[in-house]
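S.K.: Okay, predicted coordinates and the sequence, questions at the end:
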Amino acid sequence: MPAKTAMVPVFPTLAGRTSIVSHMETMNETFDFPDPIDPAALVAHTGLATFEHHATIGSTMERARELASLPGCPLPAAVVADLQTLGRGQRGARWWQAPGSLAVSVVVDASAPSQASPPAVWSLACGVALAESLAVLVPMIEPLLRWPNDVEVNGRKLAGILVETTPGGRAIFGIGVNTTGSSHEVPPPLDKKIVTLPDLTGSILPRESLLAEFLPRLFLLLAATADDPEAFVPRYRARCGLDGQPVTVFSGDERLTGICRGIAADGTLVLDTPGGRMHVTSGSLTHPADVWRGD
C-alpha cells in the first residue's frame, strides 16, 4: 500500500507571515483517513504559531513536551496525530481512540509576573471551550462536563482532557475527541463508557473544523481566566453534567461520596456529604481498579 505522509511544522517568519516547512514522515497505510487537515488554513484561522501533523506517533503529549522545552519554539503550538500508539490520560490510564479521531496537544505560555505556574482552573476552562465548540458544530448533541476532565454526551465519554505543566512556565493541553469510529470498536470494559460522534450523528466531525472553532475559543478563555480566575465559572456551571447527582471522588486511598452541587468560584467541586458541604480540589471519579491501562 502507498505510504501515508504528514507535513510538519508551521513557523512564523520574522516578517510576521506564516511559512510552512515540510518534513515528510511515512508509515505503512493500513487504514484510510478521509479527514485531511490543511496546515496553512488551520494556522490562519486559529492563531497557532507552530503546527505539527504526524501520521503516527507514540504520544502527542510527549512531542508537545519536547516543543515546550525548546526556548525558540514559537507559541502557541499544536501537535496532531492521525494515530497515537501510546495515548494516555490521568493517573496512568491509557487513552483509546479510533484511528483518525482528533488527538491534539497544545502548548501555551503560561508564565506571568504574578504567577509561577498556570492557574489550576485552566483544565476546567479547556473543558468549557471544548464542550461549547462541539455544541456549536454539532447542535443536535448536548455536550456536558464531567469534572474534572471529560466531556460526555448521554452519560458516555466523548472527549478527554489532560493538562500538564513544564518547568519553563508552559502548559500543555492534551485533548482527545472521538470525531470518528464507533463504540462497537472499543475494547471492553470501555465499550459501555465511550461514545463517538458517528454513534451520535451518523457522520464524522472534521478535525480541522473542530480545531478552528476550539483553539481560538480556548485561547480567549485562557486569557480571560488569567485576568479573572472566575471568568469561566458561569459557562462551566451551564454545562455541568454532575449537578444534583451522587458522585464518589477517589484520591489515593481515600474516597468521598456526596451530592454534587456544581463547582465553586475557585473551580473546586462542591459536594454535600453526610459530614457537611465539602470542596474537592483534585481527584478522580473512576475507581482505581477500573482505570483502563490497555490490558
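M.R.: Received it, and whenever you're ready, just let me know what you need.

S.K.: use CA for all of it now, contacts and neighbours both
M.R.: OK.

S.K.: which non-adjacent residue is nearest Ile141?
M.R.: Of all residues not flanking Ile141 in the chain, Ala135 sits nearest, at 6.6 Å (CA to CA, 6 or more residues apart in numbering).

S.K.: what does Gly160 give?
M.R.: For Gly160, the closest residue by CA to CA, 6+ apart turns out to be Asp150, at 4.5 Å.

S.K.: need the contact list for that neighbour.
M.R.: Gly127, Lys157, Leu158, Ala159, Gly160, Ile161 (CA atoms under 8 Å, 6 or more residues apart in numbering).

S.K.: rewinding a little: which SS class is the residue nearest to Ile141?
M.R.: Assigned with DSSP: H, G, I helix; E, B strand; the rest coil, Ala135 falls in the helix class.

S.K.: hang on, the earlier thing: are any of the contacts of Asp150 buried, and which?
M.R.: Neighbour-count burial (16 or more other CA atoms under 10 Å) is assigned, among the contacts of Asp150, to Gly127, Lys157, Leu158, Ala159, Gly160, Ile161.

S.K.: Need the max-distance pair from the residues you listed.
M.R.: Within those, Gly127 and Lys157 form the most distant pair, 12.6 Å apart (CA to CA).

S.K.: overlap in contacts of these two?
M.R.: In terms of CA under 8 Å, 6+ apart, Gly127 and Lys157 are both contacted by the residues Asp150, Val151.

S.K.: All the strands of the stretch 151-295 of the chain, residue numbers only.
M.R.: If DSSP state E, counting those that start in this stretch is used as the criterion, the strands of the stretch 151-295 of the chain fall at 156-165, 170-177, 246-251, 254-263, 269-273, 276-280.

S.K.: pLDDT of stretch 240-247, averaged?
M.R.: Rounded to a whole number, the mean pLDDT of stretch 240-247 is 96.

S.K.: what's in contact with that stretch?
M.R.: Contacts of stretch 240-247 from elsewhere in the structure, counted by CA under 8 Å, 6+ apart, are Leu144, Leu145, Arg146, Trp147, Glu152, Thr257, Gly258, Ile259, Cys260, Arg261, Gly262, Leu285.
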